[in-house]
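>>> no sequence for this one, just the structure:
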């Protein structure tokens, strides 16, 4: 299997894991599946590093492994364990409709990506379309899931999409750029988890439908 | 000291002081004094250094620092001026406002240190947005400012403020994920052309190579950037977090979010709009700006009309005023852009005044609803007068500063042939005027509630208001030549991408000289 096929196939697995992150019933399991997705992302970085002879990507893979495979899932898992993870997550749309919408998003992403003319990205257009579709998956997760921590995972999915785009289109970017983005995303998760914990402590809920005092 | 040192000092001072402020809780009895002193030093030095840098840009041109990762040109200097001046005055107001929170027991020493530490950190991230030349760092700064300010929004820890903080952080980080995607697309396009990874992230280098970009990438990137950073600016329809976050934050934080952060987010959009104009021509950006600007003004006017809460009214008024900035940029041409930049400066000052006064109302009345807030001229007459001035200024009444900028925007619209759009804008302004009139009349007159004791909270809650009043009236009567030159330099940059543009504003204002005060 060529490295191009491998990258595009691994990108396909990202779709599967994203849908699992959204639809798995226990939020703690979603955090674990997110870690698995990040591991696939790290694998893509390694394959790209080898195929494109881009040594920078090995460093990206290492920092992404630490932050996304280990730290973010651990932070979310621990936070969810502390609050009990007892609430039943609800999907406002229903499983079937979510899947249909996801398929439409992937289709649209393919059409949009086909208009981009970048020599380096030509062979990886399927993976690029997947990275763009992750914006929709993230939005889908945030809009349909009412558990606060599942919404954090929605943000994480979007951020993984951007990370993959950066790796596919600008793999020679200085390590500092990549670390800046990854660290900021990590801080994003930390801030949201701290706020989520505060909400649980003070308001005794993780359900966003209980947060409807402010209107108009 | 060189200008580079000023720039580094501008960023390092609030950053270092914020760390010390967080640690100040261990100073024991001296904590409150130390915290207030450090905070005052931070905002004062930021003001002085901002003014020095703006002066340098005016007289000598742009500044670069840190291997060109930092950069201030005329456009950046306009927003640095807003950040420095409003940051200082709101910082000063914070000291009076938190005194009251300490007195009523809402804040203890730990919360006070957190508040001031986060305030300084927030100021640092805002300054980083304004001075960033590296587009990735620009995004990191916007994200960091959002994350830092989220704790400030929810600092009171009650149901409403936590709910507002959650909404704020979730909607804004999702928006910024869009912003990141757009930024990454621009970086990728730049890297494809330049093949020098370091330079591909520098905005000044990207602009120089604009002609070689793939238009499809830039078109897509700009839409992502407009949606992403437009969310942070609170543009319609990405504005859902604005009324909640602005109304539930402590008043000084509402002022910083509304008067400074919103404008800084627009600055990022404007930086990318220069590139997009150079690659695609100006029509694409102008149409998007006109659509988002008009929708923002219209939606804000509609929601304002339905409000009974002064802080939510001001939140929607923020959307309306930033919408006008966007409309001005959408009209295009040197005249429209000059008017838009002037509107950004003016609305920053007036918004700061109104938010600070809304804080005084909250302190005195312990409520914000029209039913509760009555008889301000009896209870807090100085705040009442400042509130009248702020309200008259924000709706665009002469002789205050926003009259000039909104008048210039309408004149630019008529000059550009957008007659119907300007008629719609004027009608919407009438709705806004009527709404503010209803609020002010109801709040100022009548009998104050019996449990409200007459008297202002403390002089620090009024001093910044009076300084802002002088600036608002002053800029309504006279635009200093230095400010005109800075705005002209910034509009030249926005039109041509020439980063060293600074010139006299006379030629741009000459055809309208008879209309100006």
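Ah, there it is. Just so it is clear, the model here is predicted, and its values are computed rather than measured.
>>> skipping its backbone neighbours, what lies nearest the closest residue to chain B within chain A in space?
Residue of chain A nearest chain B, by Cβ to the nearest Cβ: residue A:169 (3.2 Å). (C-beta placed from N, C-alpha, C; glycine too.) Nearest in space to residue A:169, with sequence neighbours left out and distances taken as Cβ to Cβ, 6 or more residues apart in numbering or on different chains, is residue B:188 at 3.2 Å.
>>> next one: residue B:81
residue B:54 (5.2 Å).
>>> and residue B:87, by the same measure?
Residue B:87 sits nearest to residue B:123 (Cβ to Cβ, 6+ apart), 5.3 Å away.
>>> pull the contacting residues for residue B:187.
A:166, A:169-170, A:173, A:177, B:135-136, B:200-201 (Cβ atoms under 8 Å, 6 or more residues apart in numbering or on different chains).
>>> now with 6 Å, please.
Residues counted as contacts of residue B:187 (Cβ atoms under 6 Å, 6 or more residues apart in numbering or on different chains) are A:170, B:200-201.
>>> okay, who's weakest in these by pLDDT?
Ranked by pLDDT, these bottom out at residue A:170 (79).
>>> over to that residue: give its phi and psi.
Main-chain dihedrals, residue A:170, degrees, to the nearest 10: phi -140, psi 60.
>>> what do you get for residue B:63?
phi -120, psi 140.
>>> what residues are up against it?
By Cβ under 6 Å, 6+ apart, the residues touching residue B:63 are B:3, B:7, B:72.
>>> now, the residues you listed that are in helices?
B:3, B:7 (DSSP state H).
>>> so which of the contacts of residue B:63 is the closest to residue B:260?
For those, the minimum distance to residue B:260 (Cβ to Cβ) is 16.1 Å, reached by residue B:72.
>>> mind checking the SS state of whichever residue of chain B sits closest to chain A?
Closest contact between chain B and chain A, by Cβ to the nearest Cβ, is at residue B:188 (3.2 Å). Following DSSP: H, G, I helix; E, B strand; the rest coil, the label given to residue B:188 is helix.
>>> got a pLDDT number for it?
pLDDT at residue B:188 comes out at 84.
>>> now residue B:509
Listed pLDDT for residue B:509 reads 49.
>>> and residue B:195, by the same measure?
Looking at residue B:195, its pLDDT reads 68.
>>> same thing with the one 10 residues further on?
Per-residue confidence (pLDDT) for residue B:205: 94.
>>> ditto for residue B:292
Confidence score, pLDDT, at residue B:292: 96.
>>> now it: closest residue in space that isn't a chain neighbour?
Going by Cβ to Cβ, 6+ apart, residue B:292 has residue B:235 as its nearest residue, at 5.2 Å.
>>> three-state assignment of the one you found?
coil.
>>> just read off the phi/psi values of it.
Note on residue B:235: its backbone torsions stand at phi -70, psi 150 [degrees, to the nearest 10].
>>> what is the burial count for it?
Here the number of neighbours of residue B:235 (other Cβ atoms under 10 Å in any protein chain shown) works out to 29.
>>> pretty sure the residue nearest to residue A:169 is touching residue A:167, no?
No. Applying Cβ atoms under 6 Å, one finds residue B:188 not in contact with residue A:167, separated by 10.2 Å.
>>> quick one: residues contacting the residue nearest the centre of chain A.
Nearest to the geometric centre of chain A sits residue A:157, at 1.8 Å (Cα atoms, centre = their mean). Applying Cβ under 6 Å, 6+ apart, one finds that residue A:157 lies in contact with A:18, A:134, A:137-138.
>>> near chain B, which residues of chain A? Just list them.
Neighbours of chain B within chain A, by Cβ under 6 Å from any Cβ of the partner chain: A:115-118, A:151, A:155, A:158-159, A:162, A:165-166, A:169-170, A:172-174, A:177, A:180, A:184, A:187-188, A:191-192, A:195, A:198-199, A:203, A:211, A:213-214.
>>> quick one: buried ones out of these?
Using 16 or more other Cβ atoms under 10 Å in any protein chain shown as the burial test, the residues of chain A next to chain B include A:116, A:118, A:151, A:155, A:158-159, A:162, A:165-166, A:169-170, A:172-174, A:177, A:180, A:184, A:188, A:191-192, A:195, A:198-199, A:203, A:211, A:214 as buried.
>>> most neighbours, which of the contacts of residue B:63?
Counting by other Cβ under 10 Å, top hit in the contacts of residue B:63: residue B:72 with 27 neighbours.
>>> once you drop chain neighbours, what's closest to it?
Of all residues beyond its chain neighbours, the one nearest residue B:72 is residue B:63 (4.7 Å), with distances taken as Cβ to Cβ, 6+ apart.
>>> roughly how far does the one you found sit from residue B:3?
Separation of residue B:63 from residue B:3 (Cβ to Cβ, to the nearest Å): 5 Å.
>>> next one: residue B:456
The gap separating residue B:456 from residue B:3 is 41 Å, by Cβ to Cβ.
>>> residues touching residue B:490, list them.
B:74-75, B:78, B:341.
>>> chain A: strands as residue ranges?
In chain A, no strands are defined using DSSP state E.
>>> repeat that for chain B.
Going by DSSP E, chain B shows strands at B:63-65, B:70-72.
>>> format those as CSV; extra columns: distance to residue B:331 and mean pLDDT.
Compiled in CSV, the strands of chain B are given as follows (distance: least, Cβ to Cβ, whole Å; pLDDT from 0 to 100):
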stretch, distance to residue B:331, mean pLDDT
strand B:63-65, 30, 93
strand B:70-72, 26, 96
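>>> which residue is the nearest non-sequential neighbour of residue 165?
Using chain A here. Leaving out its chain neighbours, the residue that sits closest to residue A:165 by Cβ to Cβ, 6+ apart is residue A:131, at 4.4 Å.
>>> you looked at the wrong chain, it should be chain B
Here the residue nearest residue B:165, using Cβ to Cβ, 6+ apart, is residue B:154, at 3.0 Å.
>>> what's near enough to touch that neighbour?
Residues in contact with residue B:154 (Cβ under 6 Å, 6+ apart) are B:161-162, B:165.
>>> drop anything exposed from those.
Among those, the ones that count as buried by 16+ other Cβ under 10 Å are B:161-162, B:165.
>>> which one among these gets closest to residue B:461?
Distance to residue B:461 across the buried ones among the contacts of residue B:154 (Cβ to Cβ) is lowest for residue B:161, with 20.4 Å.
>>> would you check how far apart the closest residue to the closest one other than its chain neighbours and residue A:214 are?
Leaving out its chain neighbours, the residue that sits closest to residue B:161 by Cβ to Cβ, 6+ apart is residue B:248, at 4.4 Å. Going from residue B:248 to residue A:214 by Cβ to Cβ gives 7 Å.
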